[in-house]
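Q: Show me how the following folds:
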Amino acid sequence: MKKFLLKLWSIISVAVAVVAFLIAGIALLATTTFKGQVKALVVRSGSMQPTIPVGSLVVVRKNTSQYQIGDVVTFQLGNVYVTHRIKSIQENQFQTQGDANNAPDTQLVSQTSVIGKVWISIPYIGKTLTFVKTPKGFSLLIILPAFIIVIQEVFAIGRELEKMKLSKKIVQKKVLDMRVVPSQAKIKKMEAKETKASRSRLSQALTMVIIVGLSTVSGTKAYFSDIAQSTNNTFSAAASFSHIVINELYYDVCTPASTCGTDPQNEWVELYNPTSSAIVLTDWKLEDDNGTDTLPSGTTIAAGSFLVITSEVGTFTFWPAVPAGQRVILGSSIGGNALGGQGDKLLLRNPANTIIDGVSYGTDTSVLNPSVPDVARGHSIERDPDGKDTDSATDFVDRTTPQPGV
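A: Okay, here's the model as predicted:
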């Protein structure tokens, strides 16, 4: 029974080490650029489905020849990477489109902006890399291998003690009778134990390398990508995981004005950063059906945090629980002249004018169709849970008691 348990443990420890080693290798690939020719990106939205499913790891290789119509390429807009298929070529500029999108991208792409052509796409591996960054993933793929190392070391010490005892007996016999030598069976048994001990130490060394490699992934995001645009399922990939979402909209202020404020001065929009890094939003824009507002210079949203954007500071008289560091004052009505009470859209654009997120509600179906249902005056629409983004109206709920900043 003891031998069976030891064998079973050995199989399990080797299997865990192999899986962790493979994940570490993929993580290394995703954080490395090879001679400027290859990048790896993690796909987190669906504009290239079914060709490239959500959660895939795509490896992009620089093309030494001309790009052709039909090639799936990654190009750069500002600090954002976008991966779409070339639909047409117009004087060294590319018209691109996501396979799942019903219209081409509005902006032509110059050849110099193209990073490379998608070389390999591995479905769902990106989800594993993302999972590694969670507390549960870290426990399973970092803490568990470390625990295995400890157990293996205990067994190795036990084997070493047993070998020392056997060696001591052999020496004692040699002292009594120089002609007494260990039998061939004992020699083979000792060699087998030594081989197992060597394998154990090799496994420990590999596992330690894996732990170090996986531990560095969380701090090395330079070539991970994140889908940054919800509208029309546009697949884009930001070098800094800049997938900010429009998390909550308070577009129809309650009454009376003495307790709630007025439209449009006290409308507000809540943004949410679900990533593990702070993101600077200088020159980002909010756009509705009637106009565009630019966020103030120096605006930053912390990791896992919220920003509440409104036209005037008086709004926070009615919402005092919003922390001071999460307040942004535009100085003008959101979208130019207000968010529509019965229907409107709101888009979030980065400085390269790429749409990062979007929502439409009520009678407006330009972003989501069907749109998020209109809610009663004094209510808000909010993603539930925070940050949920499946490009569907079902991401949002009717929040009878709005909760900005939380």
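Q: What's the mean pLDDT across stretch 299-312?
A: For stretch 299-312, the mean pLDDT works out to 92.
Q: Quick check: end-to-end length of it?
A: Chord length of stretch 299-312, first to last residue, is 16 Å (CA to CA, to the nearest Å).
Q: what comes into contact with it?
A: Contact partners of stretch 299-312, identified using CB atoms under 8 Å, 6 or more residues apart in numbering, comprise 244, 247, 264-282, 284, 286, 295, 316, 319, 322, 325-334, 404-406. Backbone N, C-alpha and C define where each C-beta goes, glycine included.
Q: buried subset of those residues?
A: 244, 247, 264-275, 279-281, 284, 286, 295, 316, 319, 322, 326-328, 330, 333-334, 404-405 (16 or more other CB atoms under 10 Å).
Q: So which of the residues you listed sit within strands?
A: 247, 268, 269, 270, 271, 272, 279, 280, 286, 327, 328 (DSSP state E).
Q: Touching, residue 323 and residue 405? I think so.
A: Yes. Between residue 323 and residue 405 there is a contact at 6.2 Å, judged by CB atoms under 8 Å.
Q: Can you verify my assumption that residue 337 contacts residue 289?
A: No. Counting by CB under 8 Å, residue 289 is not a contact partner of residue 337; they are 9.8 Å apart.
Q: Where do the helices of this protein begin and end?
A: 2-30, 125-132, 135-138, 144-176, 184-217, 257-260, 315-318 (DSSP state H).
Q: Among those, which one carries the weakest average confidence?
A: What stands lowest among the helices of the chain, in mean pLDDT terms, is helix 184-217, with a mean of 52.
Q: Look up the closest residue to residue 76, ignoring the ones flanking it.
A: Nearest residue to residue 76 in three dimensions, chain neighbours excluded: residue 113, at 5.3 Å (CB to CB, 6 or more residues apart in numbering).
Q: What is the burial count for that neighbour?
A: Using other CB atoms under 10 Å, residue 113 has 15 neighbouring residues.
Q: how near is it to residue 381?
A: As for residue 113, its distance to residue 381 is 36 Å (criterion: CB to CB, to the nearest Å).
Q: before we move on, what about residue 52?
A: Taking CB to CB, one finds residue 52 at 30 Å from residue 381.
Q: Is residue 397 in contact with residue 381, as I believe?
A: Yes. Using CB under 8 Å, residue 397 is in contact with residue 381, at 7.3 Å.
Q: neighbour-wise, which of those two wins?
A: residue 381 (26 against 18).
Q: Okay, and the beta partners of the nearest residue to the more buried one once chain neighbours are set aside?
A: Spatial nearest neighbour of residue 381, excluding adjacent residues (CB to CB, 6+ apart): residue 396 at 4.6 Å. Residue 396 forms beta bridges with residue 383, as assigned by DSSP bridges.
Q: which intervals of the stretch 251-400 of the chain have sub-threshold pLDDT?
A: Along the stretch 251-400 of the chain, segments meeting pLDDT under 70 span 336.
Q: 90 instead?
A: Residues of the stretch 251-400 of the chain that meet the criterion pLDDT under 90 lie in 255-264, 274-279, 289-291, 297-298, 302-304, 331-342, 351-354, 385-391.
Q: Now do the buried residues in the biggest strand by length in the chain.
A: In the chain, taking DSSP E as the definition, the longest strand is strand 80-90. By 16+ other CB under 10 Å, the buried positions in strand 80-90 come out as 80, 81, 82, 83, 84, 85, 86.
Q: got the CA positions of it in CSV?
A: C-alpha atoms of strand 80-90 as CSV (Å, rounded to 0.1, in the frame of the first residue of the first chain):
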residue,chain,number,x,y,z
VAL,A,80,-3.5,50.4,-28.7
TYR,A,81,-3.1,47.2,-30.7
VAL,A,82,-6.0,46.2,-33.0
THR,A,83,-6.2,42.8,-34.8
HIS,A,84,-8.6,42.6,-37.8
ARG,A,85,-8.7,41.2,-41.4
ILE,A,86,-7.6,43.2,-44.4
LYS,A,87,-10.7,43.7,-46.6
SER,A,88,-9.2,46.0,-49.3
ILE,A,89,-6.0,47.9,-50.1
GLN,A,90,-6.1,51.6,-51.1
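Q: which neighbours does it have in its sheet, and in what orientation?
A: Here, using DSSP bridges, strand 80-90 pairs with strand 72-77 (antiparallel), strand 93-97 (antiparallel), strand 236-238 (antiparallel).
Q: Number of residues surrounding residue 338?
A: Around residue 338 there are 18 other residues, counting by other CB under 10 Å.
Q: give the contact list for it.
A: 263, 264, 267, 290.
Q: Now do the contacts for the first one.
A: Spelled out, it's residue 263. If you count contacts by CB under 8 Å, 6+ apart, residue 263 has them with 252, 253, 338, 341.
Q: Look at the second one and say how many residues are nearby.
A: Other residues within reach of residue 253, judged by other CB under 10 Å, total 21.
Q: quick one: it from residue 377, how far?
A: Distance, residue 253 to residue 377, by CB to CB: 7 Å.
Q: on that earlier part again, could I get the ones in strands among the buried ones among the contacts of stretch 299-312 as a markdown table with distance to residue 48?
A: Formatted as a markdown table, those follow (distance: CB to CB, whole Å):
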| residue | distance to residue 48 |
| --- | --- |
| 247 | 25 |
| 268 | 34 |
| 269 | 29 |
| 270 | 29 |
| 271 | 26 |
| 272 | 25 |
| 279 | 24 |
| 280 | 28 |
| 286 | 27 |
| 327 | 37 |
| 328 | 33 |
